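K.L.:
sequence unknown, structure follows:
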């Protein structure tokens, strides 16, 4: 009896271990994280049914200037099946006439060569569909510079058979300027505004109209970028995931007054002399470096996007994404700047998803600087200079991230940069490029850490996507290092020498906080309040903002103070030069589940700690 019980326990432990291994492997390889990739769109066969119909209403969207609108789609199909699904296509004409030329004459052009922008199973909210063949679905569409159609498929997503196609619908102005994204410029008194439109420079001149106190004080020109299919490095970005990205415009607002509120709107002067305007937005300019005022920072990684209409919910894809977004929107008046440290949209080569993401975060990114870092799902692709030879970016190889968002890097293809916000200095690394000692990035990291004046900017923050510090993630536990391989070996000396307060990471989809640590050893016994000389750097994994959660190792290292297998984000509040509050909040309710405070004076930062002491002399 005991033998049988022990065998059952052993088998259960083995299953649990294998499950963790598979999840860890899937995470590490980027496998299975884009629901559109589940559709075998190239296998589509045409099976149009004369008695089937799909009707979408209204025909014209955004008649009152809306950039988001709900659409009702009605279906009638005499041979319904449980795995029938509907794809939303944009542009609306998706047959083989839109396919790129095929080089190999023996290769047949598929009937459909572009993935839908979203999809939903017909029985998602229609339990009567199997009996009646009639159903109605509601989709939320955003303005994406082209018209839309809805196609009904049978055969599931593995063997799709095209049954019927709807009428075409469109936004009143599909080219309208939309989804502004703020970012810190290269100097503290500069704000950049990036947005997307359908207007090329031959059609219209992009610019910003802006001013303080609700008054228009001037206009600033905007530069325009775009890219084509040849800019992509592989499939699906070059093939089934390709969609025209439109035009990306960036304007630089300079010589801003500290903490002053500015209003702005996006403008395009058309060749006929008329103007196209966005709605009005506002932001508060950054504080002067070292300024003593209340400053609040939000940090998280790996949020991705989700659909409010329930689309694309293959295997409960990103259940935390909307909760995180909504909690930030709810608390926006108490947030000054946001850092999204890698794995931004999880588009993975399905380019339409970047529009979806910028629409999702627009209430945040249009109001406070939305600073990003590069993750594996933005950059990695074999033989493109990525430090990791994986296919996690789906062929994007960094082009989408560095074009859709601005960062104050010297070279946006190398995604490392420094930015100052009041009493904070942020050193943002790019883990998808080499960071080891002697590398170009290593020199940048040391320069960023070494050049901050800690009397004026006492709070020194390091952030990167992959865990270059400490994590008891299951996958890292299997490797026995509890870190990204080669992660901290080169950098821990810099963190200690320059007394980095907190190092943040994503990539691992959970939350974990360490003690102040150096070379695997806790150097401070406190857990909730640190005063005076801290002696080491606190490392925080905050990669649980939306994508699938990551399992922890069954072993809890002694340096791990708090672990949470849930969705959440971190908020830092600097009250003054001597007082900092750290809070970890769950995305489900916005409440604080872990926190600590730091109280210290400038002399404490100067104090000599292990491996940080400057050389001295007795000469007089």
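P.N.:
Nice, I can see it. Note that the structure is a prediction, hence the values are computed from the model and not measured. Residues are numbered from 1 along each chain as shown.
K.L.:
how about low-confidence regions in this structure?
P.N.:
1-32, 97-98, 101-109, 214, 216, 314-318, 620 (pLDDT under 70).
K.L.:
Three-state assignment for the residue most central in space within it, please.
P.N.:
For the chain, the residue sitting closest to the mean C-alpha position, by CA atoms, centre = their mean, is residue 344 at 1.7 Å. What DSSP: H, G, I helix; E, B strand; the rest coil gives for residue 344 is coil.
K.L.:
Just confirm it contacts residue 379, I think it does.
P.N.:
No: using CB atoms under 8 Å, residue 344 and residue 379 do not qualify as a contacting pair, with a distance of 10.7 Å. Glycine gets a C-beta too; all of them are placed from N, C-alpha and C.
K.L.:
Are there residues contacting both of the two? Which ones?
P.N.:
Listed contacts common to residue 344 and residue 379 are residue 401; contacts here mean CB atoms under 8 Å, 6 or more residues apart in numbering.
K.L.:
Look up how far residue 452 lies from residue 336.
P.N.:
Plainly put, residue 336 is 19 Å away from residue 452 if you go by CB to CB, to the nearest Å.
K.L.:
One more: residue 184?
P.N.:
Separation of residue 184 from residue 452 (CB to CB) stands at 15 Å.
K.L.:
What of residue 399?
P.N.:
With CB to CB as the criterion, residue 399 and residue 452 are 32 Å apart.
K.L.:
do the same with residue 584
P.N.:
Plainly put, residue 584 is 25 Å away from residue 452 if you go by CB to CB.
K.L.:
Residue 186 now?
P.N.:
The gap separating residue 186 from residue 452 is 16 Å, by CB to CB.
K.L.:
quick one, which of those two is more surrounded?
P.N.:
Neighbour totals were compared for residue 186 and residue 452, and residue 452 leads with 21 against 14 (other CB atoms under 10 Å).
K.L.:
Excluding covalently adjacent residues, which one is nearest to the more buried one?
P.N.:
Leaving out its chain neighbours, the residue that sits closest to residue 452 by CB to CB, 6 or more residues apart in numbering is residue 425, at 4.1 Å.
K.L.:
Could you find the closest non-adjacent residue to residue 528?
P.N.:
Spatial nearest neighbour of residue 528, excluding adjacent residues (CB to CB, 6+ apart): residue 596 at 4.9 Å.
K.L.:
May I see the buried residues of the helix or strand hosting residue 595?
P.N.:
Element membership of residue 595, judged by DSSP states H and E, is strand 592-599. Under the neighbour-count criterion of 16 or more other CB atoms under 10 Å, strand 592-599 has 594, 595, 596, 598 buried.
K.L.:
just stretch 294-310 next, same as before
P.N.:
For stretch 294-310, a neighbour-count test (16+ other CB under 10 Å) marks 295-307, 309-310 as buried.
K.L.:
between those, which is nearest residue 58?
P.N.:
Using CB to CB, residue 309 comes nearest to residue 58 of the buried residues of stretch 294-310, at 15.8 Å.
K.L.:
My guess is residue 241 contacts residue 350. True?
P.N.:
Yes: using CB under 8 Å, residue 241 is in contact with residue 350, at 4.0 Å.
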